[in-house]
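S.K.: turn this into a structure:
(3 chains)
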Amino acid sequence: MSRIELKCDLLVIGSGIAGMAASLFAANRGIKTIQIGKTNTLSFTSGLMDVLAVHPIEEKRLWKNPWDAIDTLKKDISGHPYSKVSKDTIEKAFKELVAFLKSADVPYANYQNKNVNIITPIGTLKPTFFVPESMLNGVSALEEKKPCLIIDFYNLKGFSALQIKETLKDKWQNLRTAQIKFLDSSKEQFAEQMAYDLEKPKNLDKLAKEISPHIKDAEILGIPAILGVKRHSSVLSKLQELLGVKVFEIPTIIPSVPGIRLKKAFEDKLQDIGVQSFYSQEVIQVFHKDDFVFDVTGAASMFKIRTKGVILSTGRFFGGGLSADREKITETIFNLEIYGPFLRKVWHELDFFAPRGHNINNCGIETDEYFHPIDKSGKVIFNNLYAVGSILAHNDWTRMKCGTGVSVATAYSAVNAFLNQKG
Amino acid sequence: MKFAFFKGCRIPKDLPEYELSTKVVLNKLGVELVDIEEFNCCGYPVRHLSTKASILSTARNIALARRENLDILTPCKCCYGNLMHSNYMLQGSKDLKNEINLILSKEGLRWEDDIKIKHLLYVLSNNVGIDVIKKHVKYPLTNMKIAAHYGCHALRPGKIVKFDNPLAPTIFENLIQVAGAKPVDWSKRLDCCGNPLWGKNNNLSLKLMREKIEDAKLADAEYICTACSYCHIQFDMIRKRELKGDESVPNIPAILYPQLLGLAMGIDKNKLGF
Amino acid sequence: MFFSISFKISLAIFVLGTLYRIINWFRFKIGTDALSFTMIDRIKSGVIGIFKTIFSLKIFSIIKVLILDVVLQIKIIRADKWRWIMHMCIFYGFMLLLLMHAFENQITKALFKNYASTLNPFMFLRNLFGAIVIFGVLIAVLRRKKTPKILTNAHDSFAIFLLFSIMLSGFVLEGLKIISSPIFDEMVSSYISGSDDITPLKAYWAKKFHVVFKEKININDEKLLSEGESSHIDNCASCHSMPETAFISYPFAVSFKHFGNTLNDFRVDRWLWYFHVLSCFLGLAYLPFSKFFHILSTPINLLLEPAEEEKNKVTSRIIGMDACTHCGVCTENCSVAQIYQVTQNPNILPSEKLASIKLLSRGKKVEREKLNEIAEGSFICTNCYRCTKVCPSGINLDDLWTASKNTLIQQGYFEPHNWIAQKSPSEWAETVKKKKDEPSDLIDNPEIFYGCVQCSTCASVCPVVAASNGNEIDLTPQQVMNLLRMGLKDLAMASKMVWNCTTCYMCEENCPQGIRVTDIFYELRNKAYIRFKDVKENV
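M.R.: Numbers count the residues shown, from 1 in each chain, chains lettered A, B, ... in the order given. The predicted structure is shown next:
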């Protein structure tokens, strides 16, 4: 069977935030880009965008200003991806990303040079940097301790208004809660489905009627993040209008609607700006001469992609960029060298909640300053291959709260490096 | 361009207009369709009882197309999905291939992996090409707002059916645009029409259809455009019969894509089966 | 005496059999709509319906159909030339033989003053018509051998055998008669006065007509022969053409000559005559119970069908089943016939299903196992209409399938989706607890689903989970995966989630771990069907 062969300048492998950002930056620079990736990593994100909030993790030191944190980090961990990017790069990268998201009707907002505290579904506070616009109301309400009602839904798992109130009781006395029955309360509720249901005006009306009596003196309403997917902005403003108070969303457990909004925005709009994307596909085999040639997915019916450069943004274990068997950790596409603990017995600490995290959380690919993967001797392996995002070594992003920042900034740098190299 | 025309079980009895309009439109665009009378069911309906029976059904169809040395074109997305899926299974297993070929050999037939299976929309978009279609559009359907109903089995699983990007497809909207109409963006465009449950759980089947129609209404669609026998039967025949007089369901009729394109190309309504 | 008694007996069986079949047209029923009518109602309505058709404008279109579809068999010629030749050979060959040979005294003699069975062109034509029938029969046998899809049952074989033995015995009989000296003697005694010397005639007939005489006769004596010839011209020639023109019987005669005396001594021709006649009468008596009955039921069905009255529709279904010749064209064109090769259930094939439905229509108790098989075949049918379109007898098969499905459902034989829904997953699991199980590709292979992290993405994107209420769905997809992980696949098999899945592949496409959720559901259904169908009880 003859295979279809596609040609491009830059192939982005991966469809998480790093892959999406890399595709966006490349397309914005007029690079002929193909993106290929598995599915749905973005609905596994909270939709919040961290830059850096915790360092050093052993001390669990929280930073108000992420830029100051980065300065310190650069001195402490020389291999951290942030050590290869400037503040200016990170800011420019986010600016471009947020502008794109705004055009896709997924507006994001932040405080100048300051991390914000977002309420989690269990009432703890999570420091982050960029948040969906609808969440910023909640941040200021908490700061101002406004009278507030937080609701949860009967049969929606992983979200308890009472628990939020209990956890926050010292910080926010003016908090009341209520449990609401959603349209058909006879079954388990899923945030994504509730979000689609609320896009229908009749359903939103019904919900507003259910909530109204509980509002009383509250000036603001906190609600699980279920206010529409593609029509989120109009659902939010309509609900505020119906209730007569400000409304803010609180993230839910995954799969989370703010993550899904990101996913849909990228999936739909990247194509509009010229990215040729193949989701739900995987690379089977790769050949390298001057160009890379990839065989993509599935027995005899696969197709080929010929490309001048590759951005590897396949993530770590859950994303499939790294794979761990009983013996070792491998990179799944190019079999690149992995920085990290070799012996399985030192992958993890004995204490699951060890404050300094586990060795395995820092493993990944090491690169040069242009994000070319390098081998043990420090030599660049392919000069047209770049690795970005969470596959990079030396960043325990879940504990440091730096995931999105690292992904977006390294993607930005790598795309520019590719452009410069191409000339 | 020449294809074996695989119409499946539903078209001859329930949707003659689909065959009619597909043939007249493709004919004008220089695609020749050959009927192979011996084609059997694609195997989709029996797959839930016996995967092997389903694969045999597909293999026999492909073997018949091989005998004529023709690739297959089908206008039905369930047929397309199942043909692709079974073909994929056969590609992946020598044992299965031998087992199936042993049965086929009784009729002097043989399955091999050398026949391409394509859906009508794919052929229009990739083989004929949007530019060529554009030249044939004489009466653009300006201002007509159309909700493209993608149909599940052509789209997913994307790895196997290779129809379009399974999470963010564009092929149908592009084809609607070339007819001069305006595709609307609707949340449930990739969801199921409900027909697979018809006759099994009618209540649920109708609920799924309702959800879609209501969502299309939210997006201001005037028509739901289909390119699948089962989806069209659901949105047209079953809807007209089962939801007759139910005013809570928005009145958005369904139209078959080749009929829509045919209108834009200025083909006589009778020839399109209206 | 023998002839008339056996004829009368077989005619009586034929008449009674025909009446029985006709009464059954109004007695038997299939389809739930048939239950509300009495037999008398249906007879009345049927008779009125036929008369209405005959005395309405519709009759012209029916005549047209009768000519095209019945007389000329246009439907068949379009589908398959050889089958058309077969049908034409058998039907018209047999009819001509019937008129010109079987009823020679009544018909042929009346038409042709000088008719004699041994005179040309009649002798030649009889051979020709016989040959035509045999040619048709040979095509039929070959067709059934060559088309693997068509199944042959006892009725088919017997009908073919009967036809073939009537024809063959006829030819052999004629061959034996040619060489028979006893018949020669009988003829001489009837037509030639006793005083004449018949030795020349014997010599002439021995030479030219191959009669085998016991005594030695010199057939090379020219003088004797010429005397014999003139005697032949005087006495025999007006009724006897040369035997060579009986181009099939003649070679038989020639080959029999070696044992001619033995054959003549034992009067084998007489025995064979009994056989030939009895075969014909057997055919006559068997006709109402055989596939040949379609000669009567097909035209009547055509007359009744346009009468759109409900009662007649019901009757027409039964007549339609009687019009079936088990020719197998429906099966050849069936969209799902190939599935028979996998399941080996003949009731998937329309020609076989029809025979089973006939049983069902009689209202007698049919075995549970058989009913399960009919139901399987019925629900695999995709109602593609192709059988109905090609049926040479014009049976409305599509309507028959719908009616029989309704009857099956009414008797508790549902679509798998519905009978599985009658018990809870745990009840099903309990029922098959001790039943052996063959491992299958996905659900018995932990590698397929061990990656599930229970993230519920599948449930979130599932349109069925979204649209259903708490009663319609029991588990969500990730919960089904969890049952598999716990080794409780029997419990997963009958899950409402599995059986209400629209197979839209949303879950599979969106699963971050690439788990083949929908394919697993398909396999669970396959497996449930096999595991549960033997133990299901029907309500």
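
S.K.: who touches the lowest-mean-pLDDT helix or strand in chain B?
M.R.: Least confident element among the helices and strands of chain B, by mean pLDDT, DSSP states H and E: helix B:158-161 (a mean of 90). By CB atoms under 8 Å, 6 or more residues apart in numbering or on different chains, the surrounding residues in contact with helix B:158-161 are A:278-282, A:297-298, A:301, B:80-81, B:84-85, B:88, B:153-155, B:165-167, C:509. The way it works is simple: take the backbone N, C-alpha and C, and place the C-beta from them, glycine included.

S.K.: now, which of the residues you listed lie within helices?
M.R.: Among the contacts of helix B:158-161, the ones falling in helices (DSSP state H) are B:Tyr80, B:Gly81, B:Met84, B:His85, B:Tyr88, B:His153, B:Ala154, B:Leu155, C:Glu509.

S.K.: so who does the residue positioned nearest the centre of chain C touch?
M.R.: Compute the mean C-alpha point of chain C, and by CA atoms, centre = their mean the closest residue is C:His326, 1.5 Å away. The contact partners of C:His326, taken as CB under 8 Å, 6+ apart, are C:Asn153, C:His155, C:Asp156, C:Lys291, C:Ser351, C:Ala355.

S.K.: show the buried residues in the residues you listed.
M.R.: Buried subset of the contacts of C:His326 (neighbour count, 16 or more other CB atoms under 10 Å in any protein chain shown): C:His155, C:Asp156, C:Lys291, C:Ser351, C:Ala355.

S.K.: okay, the residues you listed in JSON lines with secondary structure, distance to chain A and pLDDT next?
M.R.: Formatted as JSON lines, the buried ones among the contacts of C:His326 follow (DSSP: H, G, I helix; E, B strand; the rest coil; distance: CB to the nearest CB, whole Å; pLDDT from 0 to 100):
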{"residue": "C:His155", "secondary structure": "helix", "distance to chain A": "48", "pLDDT": "90"}
{"residue": "C:Asp156", "secondary structure": "helix", "distance to chain A": "44", "pLDDT": "91"}
{"residue": "C:Lys291", "secondary structure": "helix", "distance to chain A": "48", "pLDDT": "88"}
{"residue": "C:Ser351", "secondary structure": "helix", "distance to chain A": "38", "pLDDT": "95"}
{"residue": "C:Ala355", "secondary structure": "helix", "distance to chain A": "43", "pLDDT": "93"}
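
S.K.: what about the helices in the stretch 1-150 of chain B?
M.R.: For the stretch 1-150 of chain B, helices defined by DSSP state H, counting those that start in this stretch occupy the ranges B:10-14, B:16-28, B:51-67, B:77-92, B:94-105, B:120-122, B:130-136.

S.K.: now do the buried residues in the fourth one.
M.R.: The reference is to helix B:77-92. Neighbour counts over helix B:77-92 (16+ other CB under 10 Å) mark B:77-91 as buried.

S.K.: same for that helix, what does it pack against?
M.R.: Using 3 or more CB pairs under 8 Å, 6 or more residues apart in numbering or on different chains; DSSP states H and E as the contact test, the elements touching helix B:77-92 are helix B:51-67, strand B:71-74, helix B:94-105, strand B:117-119, helix B:152-155, helix B:158-161, helix B:229-233.

S.K.: what about A:Leu149, which SS state?
M.R.: strand (DSSP: H, G, I helix; E, B strand; the rest coil).

S.K.: what's the closest non-adjacent residue to it?
M.R.: Leaving aside its sequence neighbours, A:Leu149 sits nearest to A:Ala218 (CB to CB, 6 or more residues apart in numbering or on different chains; 3.9 Å).

S.K.: burial check on the one you found, number of neighbours?
M.R.: As a burial measure, A:Ala218 scores 21 neighbours (other CB atoms under 10 Å in any protein chain shown).

S.K.: right, and it touches A:Ala141 too?
M.R.: No. Look at A:Ala218 against A:Ala141 with CB atoms under 8 Å: they stay out of range, at 9.9 Å.

S.K.: mutual contacts of those two, please.
M.R.: By CB under 8 Å, 6+ apart, A:Ala218 and A:Ala141 have these common neighbours: A:Cys148.

S.K.: in the chain, where is pLDDT below threshold?
M.R.: Unless you meant another one, I'm taking chain A. For chain A, applying pLDDT under 70 flags the ranges A:1-3, A:297-302, A:423.

S.K.: wait, chain C
M.R.: Chain C contains residues with pLDDT under 70 at C:306-308, C:537-539.

S.K.: quick check: the residue of it nearest chain A.
M.R.: With CB to the nearest CB, the shortest gap between chain C and chain A falls at C:Gly470, namely 3.2 Å.

S.K.: please, which helix or strand holds that residue?
M.R.: For C:Gly470, there is no host helix or strand (DSSP states H and E).

S.K.: count of residues packed around the nearest residue to C:Leu163 once chain neighbours are set aside?
M.R.: Leaving out its chain neighbours, the residue that sits closest to C:Leu163 by CB to CB, 6+ apart is C:Val137, at 5.4 Å. C:Val137: 22 surrounding residues under other CB under 10 Å.

S.K.: state the distance from the residue of chain C most remote from its centre to chain B.
M.R.: Residue distances from the centre of chain C (CA atoms, centre = their mean) peak at C:Lys223, which lies 60.6 Å from the mean C-alpha position. C:Lys223 sits 66 Å away from chain B, going by CB to the nearest CB, to the nearest Å.

S.K.: do C:Pro439 as well
M.R.: For C:Pro439, the distance to chain B - CB to the nearest CB - is 15 Å.

S.K.: before we move on, the earlier item: would you mind giving the helices of the stretch 1-150 of chain B as JSON lines with mean pLDDT added?
M.R.: Output for these, formatted as JSON lines (pLDDT from 0 to 100):
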{"stretch": "helix B:10-14", "mean pLDDT": "93"}
{"stretch": "helix B:16-28", "mean pLDDT": "97"}
{"stretch": "helix B:51-67", "mean pLDDT": "98"}
{"stretch": "helix B:77-92", "mean pLDDT": "96"}
{"stretch": "helix B:94-105", "mean pLDDT": "97"}
{"stretch": "helix B:120-122", "mean pLDDT": "97"}
{"stretch": "helix B:130-136", "mean pLDDT": "97"}
